[in-house]
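Asks: Sequence first, then the predicted structure, then my questions.
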Amino acid sequence: MAATHDQRDVSAYRLSDQARSTVAADYQGRAFNSPNDVTVRSDGVVYFTDPSFQRGNRPDQMSGRTSVFRVSGGQVSLVDDRLRQPNGIALSPDGGTLYVGAYSENKIYKYVVQPDGSTGARSVFVNYLGGPDGVTIDCAGNVYWASGSDGLIHVYSPAGAQLGTIRSGGTGTTNVAFGGPDRQTLYITSGRTNDSGLYSVRLNVPGYPY
């Protein structure tokens, strides 16, 4: 599953032959800005952010709104259109909490997720410094958020307490994900434009799913 800027949509890629299909093409007939990040619940419900960073000169069909959407049963629904430049998005291991970073607000929000995939009340998870970009979750539910300005990965408990930071290559840390045979390696993309790299660090806890 991927947020694909070229067609302003969300796409699925079949690993066996790399065939591409469209998961979400528009909302009520209007083209998305440029979907940025995506997370998938265990039952296949898809959530994604739609900031305007990569829309470029293409027409704005969202009337200036930058939003979070859900796709369930092939239907696209609005989660929230009150966020300024939503970016990273992730689900808690039990699928009951949706985390969304609002890049231009320096805030991370969380939403209650109902059993049918719909979302309930929104609250502030963290008042964040540094522009929250990409995110991942470990098997204990701790949240790892990449910072677009200070170059750090900020690690928070499920209660929102900061547990620590991880430094990578410098400013411009954009994304983070667990991988490796035991999923205990954290991979980080970081660096200035045209001078960025992929970094890794071994941790004592595996990422989710594991």
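Replies: That came through fine.

Asks: which stretches of the chain have low pLDDT?
Replies: For the chain, the stretches with pLDDT under 70 are 169.

Asks: Spell out, range by range, the helices that occur in it.
Replies: With helices called from DSSP state H, the chain shows none.

Asks: Next one: the spatially closest residue to Lys110 that is not a sequence neighbour from Ala12, what distance?
Replies: Once flanking residues are discounted, Lys110 sits nearest to Phe125: 4.2 Å by C-beta to C-beta, 6 or more residues apart in numbering. Heads up, the C-betas are built off the backbone N, CA and C, glycines and all. Using C-beta to C-beta, to the nearest Å, we find Phe125 at a distance of 28 Å from Ala12.

Asks: what's the answer for Leu163, then?
Replies: To Ala12, Leu163 is 34 Å away according to C-beta to C-beta.

Asks: of those two, who's got more company?
Replies: Neighbours were counted for Leu163 and for Ala12 using other C-beta atoms under 10 Å; Ala12 has more, 15 against 11.

Asks: rewinding a little: could you count how many residues lie near the residue nearest to Lys110?
Replies: By other C-beta under 10 Å, neighbour count at Phe125 equals 22.

Asks: ok, it - contacts?
Replies: Residues in contact with Phe125 (C-beta atoms under 8 Å, 6 or more residues apart in numbering) are 99, 108-110, 143, 156, 160.

Asks: could you redo the last one with a cut-off of 7 Å?
Replies: 99, 108-110, 160 (C-beta atoms under 7 Å, 6 or more residues apart in numbering).

Asks: Among the residues you listed, which one sits closest to Thr174?
Replies: Ile108 (15.8 Å; C-beta to C-beta).

Asks: can I assume the closest one is in contact with Gly101?
Replies: Yes. Counting by C-beta atoms under 7 Å, Ile108 does reach Gly101; the two are 5.0 Å apart.

Asks: what sits in contact with each of those two?
Replies: Residues touching both Ile108 and Gly101 by C-beta under 7 Å, 6+ apart: 132, 145.

Asks: So for these two, which residue has more residues nearby?
Replies: Between Ile108 and Gly101, Gly101 has the larger neighbour count (other C-beta under 10 Å), namely 31 against 24.

Asks: For Asn36, see how far away that one is.
Replies: 10 Å.

Asks: next one: Ala102
Replies: In terms of C-beta to C-beta, Ala102 sits 12 Å off from Asn36.

Asks: got it, and Ser67?
Replies: Counting by C-beta to C-beta, the separation of Ser67 from Asn36 is 11 Å.

Asks: Looking at those two, which one has more neighbours?
Replies: Asn36 (24 against 19).

Asks: What are the phi and psi values at the more buried one?
Replies: phi -110, psi -40 (degrees, to the nearest 10).

Asks: Could you tell me which residues make contact with it?
Replies: Shown in contact with Asn36 (C-beta under 7 Å, 6+ apart): 3, 49-51, 53, 87.
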